[in-house]
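A.B. asks: coords please:
(chains A and B)
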Protein chains: 2
Amino acid sequence: MINLGSSQLKYPNDSIINIQPNQKILEYCSFEDSFIYKKNMLNALNTYFKCELHTSELVITGNIGLVLRMIISSFLPPNSLLLVENPTYYNVVTLIKSIKHELNYEYLNIQKDGIDIDQLETKLLNNKNKQIYLLITPYYHNPTGYTYCDHKLDKINELSKIYPNLTIISDEIYIYHHDVKPLYIKYNNKNIISLLGFSKILFGGIRHSCIISHKDNIISNEVENSNGIISSHDHYFINEYITNFNINDELVYRKKIFDITRTICIQKIKNHLNEYLTIINEEKGYWIWCKLKNHNINTTKLVDYLQQKNIFILNGDLFFFEKQKDKYIRFSSYNDLNIFEYAIKIIKKTLDKMN
Amino acid sequence: MINLGSSQLKYPNDSIINIQPNQKILEYCSFEDSFIYKKNMLNALNTYFKCELHTSELVITGNIGLVLRMIISSFLPPNSLLLVENPTYYNVVTLIKSIKHELNYEYLNIQKDGIDIDQLETKLLNNKNKQIYLLITPYYHNPTGYTYCDHKLDKINELSKIYPNLTIISDEIYIYHHDVKPLYIKYNNKNIISLLGFSKILFGGIRHSCIISHKDNIISNEVENSNGIISSHDHYFINEYITNFNINDELVYRKKIFDITRTICIQKIKNHLNEYLTIINEEKGYWIWCKLKNHNINTTKLVDYLQQKNIFILNGDLFFFEKQKDKYIRFSSYNDLNIFEYAIKIIKKTLDKMN
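C.D. replies: Residues are numbered from 1 along each chain as shown, chains lettered A, B, ... in the order given. Here you go, the predicted model:
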């Protein structure tokens, strides 16, 4: 299978396999070591972001999708309103649509520099009696690749002070690709919950994230204390990793790989698929997003046909809350560039047939 | 810290550390290998339980607490009714109490051979227009250590056929301690969802479980396909483990360790704490549950005092939905028996002072 539906960044480097791990961390529910691990993680975050977070402001948990499920199922009181970007990453769309209990959500359009602030202010004015949760992805928004401008972030921060019923849930999964601080730290704002996908870039396949916020927001202590949702294998490796390796060095190394493969993959798409696709985020972004020139092509069928040929891509429709006239598909870059080119050629053949 | 609040079973054995792993599994979201892993897991389950599950009947996911959160937030339609055992394990109590949206739940009393069936039948008769989800832990119920008798299980299975609005969620985390089949397989019943804590006993610290049920119940395919909630480190180790090791041998080895330490720990509790505690599940169970002879002792305070002395135990109150007159505390057995004895002596001293 050629999987262009997810990142193909390799596991950091082989040296991690040869780490002599602290075997105690592998024991079931080893509280002691889970505390050590948390301390080391806090230390790594404080060093990297030059801040002074306290343990009570940090929860280490599973992947961001899981954190969102926790927030949606446990944090949101009845009659609250969840505001989400449209489009947004498809796990959020799937999660929100899968919720069977009553969940009020509305969406805000994404512009090149962030959500439409006027639209946000209107919604705030119209819902003064509701608890409002605004979910944003300020860096490398997926699917668009947009990054919020400072002005809009400042404005969102201000609004959460003017409207005490507004809580910002900031998904900063790609923060390590930017030289910035998490919004909770940057604004020192009690009403911001920053979600850091600490490991997604650094550690290949780990599904691991950190919630940082004011201790009053860290209401799910039970989850943390019971060590409930973190694999001990993750403890084992990440603990050794953050203790023994330098995050900055690893980032430089990974960004370099990513930038090279992405540039070459974009060139190959242009070479072979120019008549069918326009690349919409050529300069930046974790993904390569393409708009189909002919919006009558059924992208769901395209994805199905390709899957029969063992090529996996994602359909743009998955990222919107409502049907779009325009059609999009998403590729990841691929480490093996010959295999990538082979896949692109098959996509061309398939589009030839469908046209 | 001496942690008597969780199982202290050691990570299976050192050989797993020396496995030469399939590094591809460590890549981010490696679909291909996640399919291989799923196939191997299916194969291991089919061999162990002598059954013929199909991939469409299996979802591999994180820990059971997470699965319950998925079920409660995504499966349960509005106006449905969740029936739970009382007492039950404290993660369930915490989870249900943490849910802020409207969740109708009622509880059924636990008897030595399972829930009160008459009580269940009354609730079924009174709620014919609701979707009813019955959450049971048929083997080694926690906190009581009770195991359901076959007669009650047969009856529950029958009831889910008489009442098509009844779905059984069967948490079978301790099934590998019994020579039985998961309820879904045993009864070949579409209305049963079995949750297998495949790894909790076998693999030390992994928080990993399997949902097995009829494919119509496996509605969360998106979760599985996106590889969303499973750590790749878990893939990496468990895949090698189930491919290279013999589950039965490991179980025999682990049961033996557990039986020995448990018996000695019970003897030490009796020696030192006889004036304060009665052991309520002396013959079986993963935990050692004790009832306080003086029900005026504040167990929450006891737990706090002990924590100041770096000894961690759990308070029985956590396991009930409502306050109980009787007071309980829970211990795990401990591998280092001298340390266990030291902790028990401090518990005695603390109780002496509190009395």
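A.B. asks: Per-residue confidence, residue A:339, what does it come out as?
C.D. replies: Predicted confidence (pLDDT) for residue A:339: 92.
A.B. asks: contacting residues for it?
C.D. replies: Listed by CB atoms under 8 Å, 6 or more residues apart in numbering or on different chains, the contact set of residue A:339 reads residue A:2. Every residue, glycine included, has its C-beta placed from N, CA and C.
A.B. asks: element containing it, please.
C.D. replies: helix A:337-354 (DSSP states H and E).
A.B. asks: May I have that helix as CSV, with CA atoms only?
C.D. replies: Coordinates of each C-alpha in helix A:337-354 appear next as CSV, following Å, rounded to 0.1, in the frame of the first residue of the first chain:
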residue,chain,number,x,y,z
LEU,A,337,10.3,9.6,-4.2
ASN,A,338,10.2,6.9,-6.9
ILE,A,339,7.2,5.3,-5.2
PHE,A,340,5.6,8.7,-5.0
GLU,A,341,6.0,9.3,-8.7
TYR,A,342,4.6,5.9,-9.5
ALA,A,343,1.5,6.7,-7.4
ILE,A,344,1.1,10.1,-9.1
LYS,A,345,1.2,8.4,-12.5
ILE,A,346,-1.6,6.0,-11.5
ILE,A,347,-3.6,9.0,-10.2
LYS,A,348,-3.2,10.6,-13.6
LYS,A,349,-4.3,7.4,-15.4
THR,A,350,-7.4,7.2,-13.1
LEU,A,351,-8.3,10.8,-13.7
ASP,A,352,-7.9,10.2,-17.5
LYS,A,353,-10.4,7.4,-17.3
MET,A,354,-12.9,9.4,-15.1
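A.B. asks: buried stuff in it?
C.D. replies: Under the neighbour-count criterion of 16 or more other CB atoms under 10 Å in any protein chain shown, helix A:337-354 has A:340, A:341, A:343, A:344, A:346, A:347, A:348, A:350, A:351 buried.
A.B. asks: measure the fifth one to residue A:73 for me?
C.D. replies: Distance, residue A:346 to residue A:73, using CB to CB, to the nearest Å: 41 Å.
A.B. asks: Return the set of buried residues in stretch A:74-93.
C.D. replies: Within stretch A:74-93, the residues scored as buried using 16+ other CB under 10 Å are A:74-76, A:80-93.
A.B. asks: Then stretch A:260-273?
C.D. replies: Using 16+ other CB under 10 Å as the test for burial, stretch A:260-273 gives A:261, A:262, A:265, A:266, A:268, A:269, A:272, A:273.
A.B. asks: Check which helix or strand the second one maps to.
C.D. replies: Okay, so that is residue A:262. Assessed by DSSP H and E, residue A:262 sits inside helix A:247-273.
A.B. asks: Neighbouring strands - and their directions - for the very next helix or strand once past that helix?
C.D. replies: Sequence-wise, the next helix or strand downstream of helix A:247-273 (DSSP H and E) is strand A:277-279. Using DSSP bridges, the strands paired with strand A:277-279 are strand A:288-292 (antiparallel).
A.B. asks: Residues in contact with the partner strand: which ones?
C.D. replies: Here strand A:288-292 makes contact (CB under 8 Å, 6+ apart) with A:143-145, A:262, A:265-266, A:269, A:273, A:276-281, A:299, A:316, A:326-333.
A.B. asks: now these: which count as buried?
C.D. replies: Of the members of the contacts of strand A:288-292, the ones counted as buried by neighbours, 16+ other CB under 10 Å, are A:143-145, A:262, A:265-266, A:269, A:273, A:276-277, A:279-281, A:299, A:316, A:327-333.
A.B. asks: Let me know the distance separating residue A:39 from residue A:46.
C.D. replies: Remark: distance between residue A:39 and residue A:46 (CB to CB) = 10 Å.
A.B. asks: Same question for residue A:349.
C.D. replies: 52 Å.
A.B. asks: One more: residue A:151?
C.D. replies: From residue A:151 over to residue A:46 (counting by CB to CB), the distance is 28 Å.
A.B. asks: quick one: the lengthiest strand in chain A near chain B?
C.D. replies: Counting by DSSP state E, the longest strand found in chain A is strand A:104-111. No: judged by CB under 8 Å from any CB of the partner chain, strand A:104-111 stays clear of chain B, getting no closer than 10.5 Å.
A.B. asks: any idea of the angle the helix holding residue A:262 forms with helix A:337-354?
C.D. replies: 40 degrees (axes from the mean of the first three to the mean of the last three CA atoms, to 10 degrees).
A.B. asks: on contacts alone, who are the packing partners of helix A:247-273?
C.D. replies: Using 3 or more CB pairs under 8 Å, 6 or more residues apart in numbering or on different chains; DSSP states H and E, the elements in contact with helix A:247-273 are helix A:31-49, helix A:198-202, strand A:277-279, strand A:288-292, helix A:337-354.
A.B. asks: Pick out whichever of residue A:151 and residue A:46 has more residues nearby.
C.D. replies: Taking other CB atoms under 10 Å in any protein chain shown, residue A:151 and residue A:46 do not tie; residue A:46 has more neighbours (15 against 11).
A.B. asks: residue boundaries of the strands in the stretch 101-250 of chain A?
C.D. replies: A:104-111, A:114-115, A:132-136, A:166-171, A:192-196, A:209-212 (DSSP state E, counting those that start in this stretch).
A.B. asks: need the contact list for the residue nearest to residue A:282 when sequence neighbours are not counted.
C.D. replies: Of all residues not flanking residue A:282 in the chain, residue A:266 sits nearest, at 6.2 Å (CB to CB, 6 or more residues apart in numbering or on different chains). Contact partners of residue A:266, counting by CB under 8 Å, 6+ apart, are A:279, A:282, A:288, A:333.
A.B. asks: Mind putting those into JSON lines with pLDDT?
C.D. replies: Listed next are those as JSON lines, based on pLDDT from 0 to 100:
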{"residue": "A:279", "pLDDT": "94"}
{"residue": "A:282", "pLDDT": "86"}
{"residue": "A:288", "pLDDT": "89"}
{"residue": "A:333", "pLDDT": "82"}
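A.B. asks: Return the closest of these with respect to chain B.
C.D. replies: Within the contacts of residue A:266, the smallest distance to chain B is 12.5 Å, found for residue A:333 (CB to the nearest CB).
A.B. asks: can you tell me the residue of the stretch 251-355 of chain A closest to chain B?
C.D. replies: Nearest residue of the stretch 251-355 of chain A to chain B: residue A:312, at 6.4 Å (CB to the nearest CB).
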